[in-house]
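J.: Here is a sequence with its predicted model. Questions after.
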Amino acid sequence: AQTVTQSQPEMSVQEAETVTLSCTYDTSESDYYLFWYKQPPSRQMILVIRQEAYKQQNATENRFSVNFQKAAKSFSLKISDSQLGDAAMYFCAYRRGAQKLVFGQGTRLTINP
Amino acid sequence: DGGITQSPKYLFRKEGQNVTLSCEQNLNHDAMYWYRQDPGQGLRLIYYSQIVNDFQKGDIAEGYSVSREKKESFPLTVTSAQKNPTAFYLCASSVAHAGGETQYFGPGTRLLVL
């Protein structure tokens, strides 16, 4: 079964600085999708960014970018110019085909003003 | 506005009682999902539906039931057989049940046992 591991239960960063959240996954497949979701205190899950495994180019969405290392099965999220509104739980997720979306345990990100 | 609504925001259940959580979407999505989130953990799939009048069990379906009579609605019933129902429940939908499709989430319902 596929597993997703987020090894950092908590992270903190100074406002305006850059932070990287780690995610590794276990799969024997070559075609799949990876996602980062944000869960702020309101608890609604919001998609931050997604990556198709067949694409070598790393996905970018404004201040959010990923470092996708397919051979290493690593999918880290970089947040640049951190803002107070970025404080949330961040979940990494994996999905292949019509299988279920598999979530990691989450990383709680704190932004220090 | 297009989106997913869940009600109620908070729900209290007495011992032996069945309760139903509502999930409605106006995104015209075919696929809908129910997840459970426990403190400090990720989401676990309870049930999903790819199309009206069809649904499949997820990883933790025991003690739960669903129906999909309309495309826009996917209610979840927590039955008395679910012995530990206290959790945060999230409903999601996507255009189709396929790997690359983004799942959009509702605001969630917190269920507490009295």
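T.: Looks like it came in fine.
J.: C-alpha from now on. contacts and neighbour counts both.
T.: Noted.
J.: middle-most residue in chain B, spatially?
T.: Centroid check for chain B by Cα atoms, centre = their mean gives residue B:34 as the closest residue, at 2.8 Å.
J.: and that residue, which of the three is it?
T.: strand (DSSP: H, G, I helix; E, B strand; the rest coil).
J.: contacting residues for it?
T.: Counting by Cα atoms under 8 Å, 6 or more residues apart in numbering or on different chains, residue B:34 makes contact with B:45, B:46, B:47, B:48, B:76, B:89, B:90, B:91, B:92.
J.: Need the phi and psi values for residue A:86.
T.: phi -80, psi -10 (degrees, to the nearest 10).
J.: which stretches of chain B form strands?
T.: Ranges of strands within chain B are B:4-7, B:10-13, B:19-25, B:31-37, B:43-51, B:54-57, B:64-66, B:76-78, B:87-94, B:104-105, B:109-113, based on DSSP state E.
J.: returning to what we had before: filter the contacts of residue B:34 down to the ones near chain A?
T.: Among those, the ones lying close to chain A by the criterion of Cα under 8 Å from any Cα of the partner chain are residue B:45.
J.: And the residue nearest to residue B:62 when sequence neighbours are not counted, what's its pLDDT?
T.: Counting by Cα to Cα, 6 or more residues apart in numbering or on different chains, residue B:82 is the residue found nearest to residue B:62 once chain neighbours are left out, at 6.9 Å. Residue B:82 carries a pLDDT value of 88.
J.: measure the most centrally placed residue in chain A to residue A:89 for me?
T.: In chain A, the residue lying closest to the centroid (Cα atoms, centre = their mean) is residue A:36, at 3.5 Å. Residue A:36 sits 10 Å away from residue A:89, going by Cα to Cα, to the nearest Å.
J.: now do residue A:97
T.: 26 Å.
J.: which one of these two has more residues nearby?
T.: residue A:89 (23 against 14; other Cα atoms under 10 Å in any protein chain shown).
J.: What pairs with whatever helix or strand that one lives in, parallel or antiparallel?
T.: Residue A:89 is located in strand A:88-95, with elements delineated by DSSP states H and E. Partners of strand A:88-95 in the sheet, by DSSP bridges, are strand A:33-39 (antiparallel), strand A:102-103 (antiparallel), strand A:107-112 (antiparallel).
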